[in-house]
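In: Using only what follows, build the 3D model:
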Amino acid sequence: MRGDETEVDLPDERTVRVKRAFAAPPDLVYKAFTEPGLLRRWLLGPPGWEMSVCEMDLRVGGKYRWRWRNQENGQEFGFYGEVTELDPPGNISHTEYFDPGDVGGDMGKGSAVTTSFAAEGAGTRMTVTIVYDSAEDREAAMSTGMTDGMEMSYQRLDGMLAEGI
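Out: Model prediction:
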């Protein structure tokens, strides 16, 4: 199994579901999604961005905060929320709220995100399900090109997994 392109579907008016295969076992992919030092290396979206803040209290009720900075113009934005469920290495669920920083924009009142990691052959099938507060919030998020940025990040992760992290 090798990593492949991200599959995106919209099962209802408030939900985005993202699926992606990775050529590594679930425990390693889960680790890449939950360790701040690893997240800072791959969760970057388009070129020219760095993850300036990656704080995670990885327990139910724990808070997290992620922030990105554009290396060219210094603009920043981020996300924050709370872990609502953990079942390593099977899944992690959390709330997610957008902090527009000085980039601007609005993604509504937040969302509930569940990321699952299932063994598939020698690799992992990851599924991210994002449920927004409203159809308008989902459309605002989708209009940012978020799934394109996710795929760019996942391609970086493919390289890290190929090297054993």
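In: Quick one: the strands in this protein, in order.
Out: 7-9, 15-22, 49-56, 63-70, 76-87, 91-99, 111-120, 123-132 (DSSP state E).
In: so which of those comes closest to T147?
Out: strand 7-9 (4.9 Å; Cβ to Cβ). C-betas here are computed from N, CA, C, even on glycine.
In: Could I get the buried residue list for the closest one?
Out: Neighbour-count burial for strand 7-9 flags V8 (criterion: 16 or more other Cβ atoms under 10 Å).
In: repeat for stretch 137-147
Out: Neighbour-count burial for stretch 137-147 [16+ other Cβ under 10 Å]: D137, R138, A140, A141, M142, M146, T147.
In: The lengthiest helix in the chain packs against which elements?
Out: Longest helix of the chain, by residue count under DSSP state H: helix 146-162. If you count contacts as 3 or more Cβ pairs under 8 Å, 6 or more residues apart in numbering; DSSP states H and E, helix 146-162 packs onto strand 15-22, helix 26-34, helix 36-42.
In: swap the cut-off to 6 Å and go again
Out: If you count contacts as 3 or more Cβ pairs under 6 Å, 6 or more residues apart in numbering; DSSP states H and E, helix 146-162 packs onto helix 36-42.
In: if we can go back for a sec, which ones among the buried residues of stretch 137-147 are found in helices?
Out: D137, R138, A140, A141, M142, M146, T147.
In: Give me the phi and psi angles of the residue nearest to the first one when sequence neighbours are not counted.
Out: In space, D137 comes closest to G108 once its chain neighbours are excluded; the distance is 2.8 Å by Cβ to Cβ, 6 or more residues apart in numbering. The phi and psi values for G108, taken as degrees, to the nearest 10, are phi 80, psi -150.
In: Would you check how far apart G108 and E5 are?
Out: G108 sits 27 Å away from E5, going by Cβ to Cβ, to the nearest Å.
In: Ramachandran angles for D102?
Out: The phi/psi pair for D102 (degrees, to the nearest 10) reads phi -100, psi 10.
In: Near the nearest residue to it once chain neighbours are set aside, how many other residues are there?
Out: Take D102 and drop its neighbours on the chain: the residue closest to it by Cβ to Cβ, 6+ apart is Q75, 5.2 Å away. When neighbours are defined as other Cβ atoms under 10 Å, Q75 has 14 of them.
In: go on, the one 3 residues further on?
Out: Number of residues near G78 (other Cβ under 10 Å) recorded here: 19.
In: Offset the numbering so it begins at 15, please.
Out: OK, 15 is where the count begins now, so the last one is G92.
In: Much appreciated, bye for now.
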